[in-house]
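>>> next comes the sequence, and after it the predicted model I'd like to discuss.
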Number of protein chains: 4
Amino acid sequence: MTHPLLDLAPLTAAQFAGIERRVAALLGTEQDVVIMQGEALLPLEGCIRGGARPGSTALNVVTGPYGQTFGNWLRDCGAHVVDLEIPFHTAVTADQVEQALAAHPEIDFVSLVHAEAATGNTNPVAPIGEVVRAHGALFMLDAVASVAAEPLLPDAWGVDLCVIGAQKAMGGPAGVSAVSVSERAWERISANPAAPRRSYLSLLDWKERWIDGGRTALLHAPAQLEMLALEACVERIETEGLDVVTARHASAAAATRAGVTALGGGLEPYVHEARDAAPVATTLRTPPGVDASELVAGALAADPSLPLIAGGGALSKEMIRVNHYGVDATRGVVQSSLAALGAALAETGVRVDLDAARRAVTETWR
Amino acid sequence: MTHPLLDLAPLTAAQFAGIERRVAALLGTEQDVVIMQGEALLPLEGCIRGGARPGSTALNVVTGPYGQTFGNWLRDCGAHVVDLEIPFHTAVTADQVEQALAAHPEIDFVSLVHAEAATGNTNPVAPIGEVVRAHGALFMLDAVASVAAEPLLPDAWGVDLCVIGAQKAMGGPAGVSAVSVSERAWERISANPAAPRRSYLSLLDWKERWIDGGRTALLHAPAQLEMLALEACVERIETEGLDVVTARHASAAAATRAGVTALGGGLEPYVHEARDAAPVATTLRTPPGVDASELVAGALAADPSLPLIAGGGALSKEMIRVNHYGVDATRGVVQSSLAALGAALAETGVRVDLDAARRAVTETWR
Amino acid sequence: MTHPLLDLAPLTAAQFAGIERRVAALLGTEQDVVIMQGEALLPLEGCIRGGARPGSTALNVVTGPYGQTFGNWLRDCGAHVVDLEIPFHTAVTADQVEQALAAHPEIDFVSLVHAEAATGNTNPVAPIGEVVRAHGALFMLDAVASVAAEPLLPDAWGVDLCVIGAQKAMGGPAGVSAVSVSERAWERISANPAAPRRSYLSLLDWKERWIDGGRTALLHAPAQLEMLALEACVERIETEGLDVVTARHASAAAATRAGVTALGGGLEPYVHEARDAAPVATTLRTPPGVDASELVAGALAADPSLPLIAGGGALSKEMIRVNHYGVDATRGVVQSSLAALGAALAETGVRVDLDAARRAVTETWR
Amino acid sequence: MTHPLLDLAPLTAAQFAGIERRVAALLGTEQDVVIMQGEALLPLEGCIRGGARPGSTALNVVTGPYGQTFGNWLRDCGAHVVDLEIPFHTAVTADQVEQALAAHPEIDFVSLVHAEAATGNTNPVAPIGEVVRAHGALFMLDAVASVAAEPLLPDAWGVDLCVIGAQKAMGGPAGVSAVSVSERAWERISANPAAPRRSYLSLLDWKERWIDGGRTALLHAPAQLEMLALEACVERIETEGLDVVTARHASAAAATRAGVTALGGGLEPYVHEARDAAPVATTLRTPPGVDASELVAGALAADPSLPLIAGGGALSKEMIRVNHYGVDATRGVVQSSLAALGAALAETGVRVDLDAARRAVTETWR
């Protein structure tokens, strides 16, 4: 029995290294790139368990649920954690980070989520990176929801650990992920006795046995199909042009924002300022008395394939998330999403202007 | 370099025969099924060049463009052709076929398209089959646009040559296709000195060298990947249930029809009677003064992925075709298609009721 | 740009659960099966970090390199480790395990590798399981190199944590793996405050958020392509028959052993007794004065695709490993492997009987 | 249910045209390249039915079974056929072609198979092309078994119709194939009233509706997966380098020839001169009293995956064919093939020198 996913010739170390190089080029980084054999949570956990230790003090910027996860891991490592919690309707500023660092000179680790799809905001990494660099802390960035959706320049921005996954704007697989690691980060992790070693979580294993060994022998059999899919999606981005891909996501966000405003009926962007809104997904606040989960259910009843989802946890009553990444970063998907939400809203008795929404999307799309 | 589409172990004769059996089961046929290694036009051409000859008289029912193609092939074979041309807004009836047969007792071949996606009609094969059988002619049916979208019972209906492709309602590949062949058809083709032999067009080659040889040796290397995709789509239909798949297509057609009627603005179903409308696609007539090609262009500008297309040739000004087959046979796609058409119509200054259309789709979908 | 590995519809929770059920059926287990999203080292590490803790005493049976890895993890968890080291040319016995348990009544965890491809031995799990059960310790088995190559019955044998990967005899992907977990194991891990929680290593996360949640929401996006490949290889085994697959591996081992003996020239099975030899791979000891790495290099120069490899580390001079698993568990691959080794040996001036080796393989293959 | 071979975004006309360009580059041709949606027999039949007609006289060079097929098609078209039959143990010469042309000045079509895998010979196309050009006839070449295995330069050699398939040395799919068409060939076919038009066999349809239409609309839905596989195999050849790929095939042929000679036992190359032997496959003559089919059966019993096959038809008793193309064009496969044949020969009581054969292969492989 022959099958396209079985009995492929093994991925060689040379091919694996080639995929690493293409990912590094996508990130414009000169740093080491490690492709971890699991979802992006794996390198994120590996970065924190490698970078933090008892005695560390970490500034953890919380702009969404992943920030909360990072705080838990940091505490689990014995680090003292300074949580800088930012309301979900806005983004953190470099000033806020600077003040927090000034208040806690002992901070030696900063964790930040670039864009958080779940809350729809994006943070200004460039100025934050400057501040963190000046302070001297190690800077970890979760760029899973920003890579290929908006500019991402880890080297220029002074990011020491930049984690990406391909499953959002890259339109690729979720089963492998990557992290770029600065020289400073390698030194810090190597000096940490509690850093994972001989472990699936370990970045150091890849450093010592793969990179320092000249990239000739993999640590174990890779997730070959996910690697091939990663290569294919990077090749597709190269062909379309990274700039074109990010422009498509910017248009989707701008058009969704404009369309919602034109729709009326009390639905409005959750993130107040457009500059703080993530290109990967737009979050909306429902009008008083309208339950977000019910509204989404109504819209999905009409078309279950639309990229709509109610907010998680406590936000499930008031937040709607319109995803527009990868193959969904098209005018058509934005139009259909707003039409379905508008119609579901109309069913509740609210007046909406579907035509105005549609025109606004068309005009705003660049 | 490893690739999922290269270096697969060859498809064996046993696997090939197994796929034939599954296709036969899908058609509920006891007849021989031949899987031809090309698009459905290949077996259709093979059937006509095998079944017709100088001296033949063929009744060719024309309910769309494929009927015209068949007439050309029939004439090319030297057959005398009686074209029974039916307006595209309706379907042929068994009575009409019976009258044509009565008027031309010498007719020995009847060609019919079951459902014609391009014009949106579907023909009542069961009663037509009875009439053709009574007359004694060979009966060829093009079921590419009906298989898996509506009931298809070649044996019960007396179809001698039933051609299918997987690219529409089956949600499968276009590169291979199948034909069921009755005993009578084999006899007729075998007795035709002009029937293709030792040719890519030849059904007889498959009969003599594959079927009669016990299905142990293929005629040549098959289109292996298309065969595997065919197997996969048949397996998916088995899992969902053929009845469920056809019901989904019936709902899509009914909902599109109801939605268009509710939308207003002068857009109306091209096929007058619902019973004559194909489950695979709904054709629409534009109101006077509205160019169909322009309207479709306007709707696709909003979402290029929608399954909308203007009519071909002379129909390009007045006919719009809404496809709703395979993965597009969902309520969401129907909703989005009508919303986009409605909005484009509104842009021309016509009044439409988008909300009413949306509600009609939701209510009609079973 | 369309690509077979991109833009697939997401794997649903229901499909994921269905794959779990098929894996459970393959193992004949009634226990929970968790499919971890990484290579088998991930669940192995998760089992040990979940099952061991400071205060634990673990009996770690070392019959190859994986046993050594387990010992390191156990010590890393703060457990006291009793290493039962067995020479690589033989297997552990239930008596040896029983004596070790008697000498250390405090042992509460036993780790064992079923078959170790690197050293070519296989251990008698059934009687060992009885002894461990009587003692009351938790029993973890690494069955990556035995599953589908030889009988594996975790429930009947009293295995609490049975870890498998698909990349050897199953002929499947390496990027996801599975573990069956007994009720006792869940209790033990749940009661361990040091067990990984909210971690990529965590079994408990899958228990609490996936299994106890009714298998409706995955913890994160899965390695979808690896999951589809896992499903495909299990389906292929079901079609061939698990018994047939294991018989094929048994034949490969027996034929390799017989062929080497017939070949002569001083090359001999590394594992003394056939009953201790793994069906997945046969290890050979080179004659005095013949370097194993050089001999393998000579054989691979003739055919780089042969599944031959020199022993790791200190064994690289004296041990050769002939893999014969998955698609390589065929008579042809065994013949080619022995012919290449025999020829390379002949080049060193040693007399070998290639014909006798070939005949022995043919006769021994059942 | 998600599947890697289903629901792919459709192959666009632009991608299709891009694949055509890459195939043209592989052939180094400036002529139009048409990719036909079927096995290479489809364009071969299309070329002959397009190029020949009643009144034509064709010189058909027969160096194997495909030549016989072409003769049948030519006669079927009403052409007068001059068969130039060449013994299978040699190749045709330009002199022989020149003499045939001189004897029949009316010849206006020449058909030739470049390399014929079934008989193992290859013909000197360059000088034959000169002779045919001087005569003025249309020149059709079947290069399915030579492309990527040996130099192929249709433009430089004056080939008017050059047909290739990817299933041999290209290591690609069999389900689509290509033909380069010279301006003269288009004129000739266009002027032929019997040339297939509006037919699956028609080259002209592709000319008129695809090429002349600016390559914007395909004639029908393509065999998408086969097209993607074709693109992937061409990309792989580009990466390895076409020169490297052909050198690998030349080595395989030379090594097989040398190995067989060294093996002894009466097995000898069927094609007398090395320069006439095809790089794609080596044919062997069995010694008197040894049945080729039985010998192959014996060799395959040891390893069913070896690329060995007995000659077809009357040759089944005396000819063995060793394929060595695509992924089988490796030293290892050649070694295993000769070892298995040698062993099977030894079983019949004949003395062979397996070691000498192995050494000869190793030394001859460049």
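Happy to help now that I have it.

>>> so is the closest residue to chain D within the stretch 1-150 of chain A in a helix, a strand, or just coil?
For the stretch 1-150 of chain A, the residue closest to chain D is residue A:4, as judged by CB to the nearest CB, at 5.5 Å. For glycine as for every other residue, the C-beta is placed from the backbone atoms N, C-alpha and C. Three-state assignment for residue A:4 (DSSP: H, G, I helix; E, B strand; the rest coil): coil.

>>> nearest residue to it other than its sequence neighbours?
The shortest distance from residue A:4 to any non-neighbouring residue, by CB to CB, 6 or more residues apart in numbering or on different chains, is to residue B:4 (4.3 Å).

>>> so what's the residue count around the one you found?
27 (other CB atoms under 10 Å in any protein chain shown).

>>> doesn't residue C:5 make contact with it?
Yes. Between residue B:4 and residue C:5 a contact is recorded at 6.3 Å, counting by CB atoms under 8 Å.

>>> mutual contacts of these two, please.
A:225, A:228, D:4 (CB atoms under 8 Å, 6 or more residues apart in numbering or on different chains).

>>> now name the helix or strand holding the second one.
Secondary-structure element containing residue A:228, defined by DSSP states H and E: helix A:224-240.

>>> that helix near chain D at all?
No. Applying CB under 8 Å from any CB of the partner chain, one finds helix A:224-240 out of contact with chain D, separated by at least 8.9 Å.

>>> what residues sit buried inside that helix?
A:224-234, A:236-237 (16 or more other CB atoms under 10 Å in any protein chain shown).

>>> got it, and stretch A:25-36?
For stretch A:25-36, the neighbour count (16+ other CB under 10 Å) marks A:26, A:27, A:29, A:31, A:32, A:33, A:34, A:35, A:36 as buried.

>>> same check on stretch A:117-132?
Those would be A:117-125, A:128-129, A:131-132, for stretch A:117-132 by 16+ other CB under 10 Å.

>>> briefly note if it comes near chain C.
No. On the criterion CB under 8 Å from any CB, stretch A:117-132 is out of touch with chain C, staying 11.9 Å away.

>>> return the distance of that stretch from the chain's centre.
11 Å (CA atoms, centre = their mean, to the nearest Å).

>>> give me the mean pLDDT for it.
Over the span of stretch A:117-132, the pLDDT mean works out to 97.

>>> now the stretch 101-250 of chain A against chain D: closest residue?
residue A:225 (8.9 Å).

>>> that residue: what's it in contact with?
A:5, A:8, A:173, B:4, C:5, C:173, C:175, C:225, C:226, C:229 are the contacts of residue A:225 under CB under 8 Å, 6+ apart.

>>> same check, this time on residue A:215
A:13, A:16, A:17, A:20.

>>> could I get the residues you listed as CSV with secondary structure?
Output for the contacts of residue A:215, formatted as CSV (three-state DSSP):
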residue, secondary structure
A:13, helix
A:16, helix
A:17, helix
A:20, helix
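
>>> what does chain A have sitting close to chain B?
A:1-5, A:7-11, A:15, A:224-225, A:228, A:301-306, A:330-333, A:335-336, A:339-340, A:343, A:346, A:354-355, A:358, A:361-362.

>>> so which strand or helix has the closest residue to residue A:326 other than its chain neighbours?
Take residue A:326 and drop its neighbours on the chain: the residue closest to it by CB to CB, 6+ apart is residue A:171, 3.6 Å away. Using DSSP H and E, residue A:171 falls within no helix or strand.

>>> wait, isn't residue A:171 in contact with residue A:236?
Yes. Counting by CB under 8 Å, residue A:171 does reach residue A:236; the two are 7.0 Å apart.

>>> what is in contact with these two at once?
residue C:6.

>>> report the central residue of chain A.
residue A:145 (2.2 Å; CA atoms, centre = their mean).
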